[in-house]
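Participant: Just a sequence and a predicted model for now, questions to come.
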Amino acid sequence: MKPISRSDSAAEEQASLWAARLEGGTLDAADRTALDAWLAASPSHRALLSDYCQFSADLEQVLPELVSSGAVQLPDRAAKPARRWSLGWLAGAGSLAAAAVVAVVLYSGAPSGDAIERAATSTGQRQSLVLSDGTRVELDARTSLQAEIGRSERRVRLAEGQAYFQVSKDPSRPFIVETPAGAVRVTGTTFDVHTETPTDLTVSVVEGSVQVRPATSNDVFALTAGDVLSATSKGTLRRKLSSANLEDALAWRQGMAVFDGQSLRTALARFARYHGRGVNVSDAAAAKLVGGRYSLDDFDGFLAGLEAPLGIRWTRDAAGSVSVKLRTEP
């Protein structure tokens, strides 16, 4: 198993705290803003957080055995049966116990025959990689992923972001993508997964078929080429797209964003997430509709190109946040 990436102690401590909070429940709006700011502060933070989230998952498997063997003693509040062993309990176990657990989890290695691979992108960054089973993956900006390629199954954890998979066909080893908002199961196909919150999930199928189980539903949805499933806390919608429309929906792979009558609020949110920027838009300006193909890397060019046709004006403050209003607004 890959050890947690070494970084400065303050960053590691903050990463462990965020991992514990993410494990403990859903973050509110203020927490999410604070987390986004911390992730944007350094490209290493996202990878570090991903490592600690995985450490927590590994801890769930290892800690019970250590406790039963007497190698580690936890506080009484952790001794009672519970759904999960957590970073929070480890923090209360004392430094010696924590050191013992860290040593076992980080350096014991993955099960024989398994390969664990991690990747993470920062703001404005895309990445392509090939997993050990031959599966090709493309990551959009601000995406973190961990893949465990085992002998009986292949499992990917997509904490957040967007990823495009060309899965190497292997009927004997299902390929499962887990996200906080649901899971996707295939044996070999091409599809895209996008998740930003614990309830929002979009799956687009380019080739083959997939099975999707959204966290917000008890149903399993079977999708084939051209199908797009969008699941939110308000419900689930399945659509069939033409090849051209599907290509537009996945234009992020070429660093592009394609809009066809979407609101300016929606378009700005796409650029804001990619660049890790705050955006404030007035209600009047937000209702304007946007169409066209734009470079995701050129936020200023996107805004400048809309000034005349939409009648807007925009400013950027010292922190990089963008404000957009109609020209007629004060």
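Facilitator: Perfect, I can see it now. Residues are numbered from 1 along each chain as shown.

Participant: Now do the same contact list for residue 205.
Facilitator: 189-191, 223-228 (CB atoms under 8 Å, 6 or more residues apart in numbering). Placement of C-beta: from N, CA and C, glycine included.

Participant: possible to save the residues you listed as TSV with secondary structure?
Facilitator: Below are those laid out as TSV (DSSP: H, G, I helix; E, B strand; the rest coil):
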residue	secondary structure
189	coil
190	strand
191	strand
223	strand
224	strand
225	coil
226	coil
227	strand
228	strand
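
Participant: Please list only the buried members of those.
Facilitator: By neighbour count, with 16 or more other CB atoms under 10 Å, these hold 189-191, 223, 225-228 as buried.

Participant: Please report the distance of the most centrally placed residue in the chain from residue 128.
Facilitator: Using CA atoms, centre = their mean, the residue of the chain that lies closest to the mean C-alpha position is residue 160, 1.0 Å off. Distance of residue 160 to residue 128, given as CB to CB, to the nearest Å: 19 Å.

Participant: go on, residue 264?
Facilitator: Distance check for residue 264 against residue 128: by CB to CB, it reads 31 Å.

Participant: More neighbours: the two, which one.
Facilitator: residue 264 (21 against 11; other CB atoms under 10 Å).

Participant: State the distance from that one to residue 289.
Facilitator: Separation of residue 264 from residue 289 (CB to CB): 7 Å.

Participant: tally of neighbours for residue 15?
Facilitator: Residue 15 has 26 neighbours, counted by other CB under 10 Å.

Participant: Would you map the helices across the chain?
Facilitator: For the chain, helices defined by DSSP state H occupy the ranges 9-24, 29-41, 43-69, 76-79, 87-91, 95-107, 243-249, 264-275, 283-286, 299-310.

Participant: Show me the least confident stretch of those, going by mean pLDDT.
Facilitator: Sorting the helices of the chain by mean pLDDT places helix 95-107 lowest, at a mean of 40.

Participant: how is this structure carved up into domains?
Facilitator: If you go by automatic domain parsing, the domain ranges for the chain are 9-107, 115-247, 255-326.

Participant: Outside of stretch 251-265 itself, list whatever touches it.
Facilitator: Contacts of stretch 251-265 (CB under 8 Å, 6+ apart): 126, 138, 140, 162, 164, 248-249, 266-267, 270-271, 274, 281, 285-297, 302, 306, 310, 312, 324.

Participant: From one end of it to the other, what's the distance?
Facilitator: 19 Å (CA to CA, to the nearest Å).

Participant: Buried ones in that stretch, by neighbour count?
Facilitator: Within stretch 251-265, the residues scored as buried using 16+ other CB under 10 Å are 252, 255, 257-259, 263-265.

Participant: Looking at those residues, which one is closest to residue 236?
Facilitator: residue 263 (21.7 Å; CB to CB).

Participant: Would you mind measuring from the closest one to residue 286?
Facilitator: Relative to residue 286, residue 263 is positioned 6 Å away (criterion: CB to CB).

Participant: ditto for residue 227
Facilitator: Distance of residue 227 to residue 286, given as CB to CB: 30 Å.

Participant: got it, and residue 222?
Facilitator: 36 Å.

Participant: How many residues are close by the residue nearest to residue 272 when sequence neighbours are not counted?
Facilitator: Setting aside the residues directly before and after it, residue 272 is nearest to residue 279 in space (CB to CB, 6 or more residues apart in numbering), at 4.3 Å. As a burial measure, residue 279 scores 18 neighbours (other CB under 10 Å).

Participant: Could you give the bridge partners of residue 279?
Facilitator: Legend: beta-bridge partners of residue 279 under DSSP bridges are residue 322.

Participant: and it, how far is that from residue 273?
Facilitator: Here residue 279 is placed at a distance of 9 Å from residue 273 (CB to CB).

Participant: Please apply the same query to residue 329.
Facilitator: Separation of residue 329 from residue 273 (CB to CB): 25 Å.

Participant: Who has more neighbours out of those two?
Facilitator: residue 273 (20 against 13).

Participant: What are the boundaries of the strands in the stretch 151-300 of the chain?
Facilitator: Taking DSSP state E, counting those that start in this stretch as the criterion, the stretch 151-300 of the chain carries its strands at 154-166, 175-179, 182-186, 190-197, 200-207, 209-214, 221-224, 227-232, 235-240, 256-263, 279-281, 289-295.

Participant: These into CSV, with extra columns for distance to residue 116 and mean pLDDT?
Facilitator: Formatted as CSV, the strands of the stretch 151-300 of the chain follow (distance: least, CB to CB, whole Å; pLDDT from 0 to 100):
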stretch, distance to residue 116, mean pLDDT
strand 154-166, 10, 94
strand 175-179, 14, 95
strand 182-186, 19, 94
strand 190-197, 19, 94
strand 200-207, 24, 96
strand 209-214, 23, 94
strand 221-224, 28, 94
strand 227-232, 28, 95
strand 235-240, 32, 94
strand 256-263, 32, 95
strand 279-281, 36, 94
strand 289-295, 35, 95
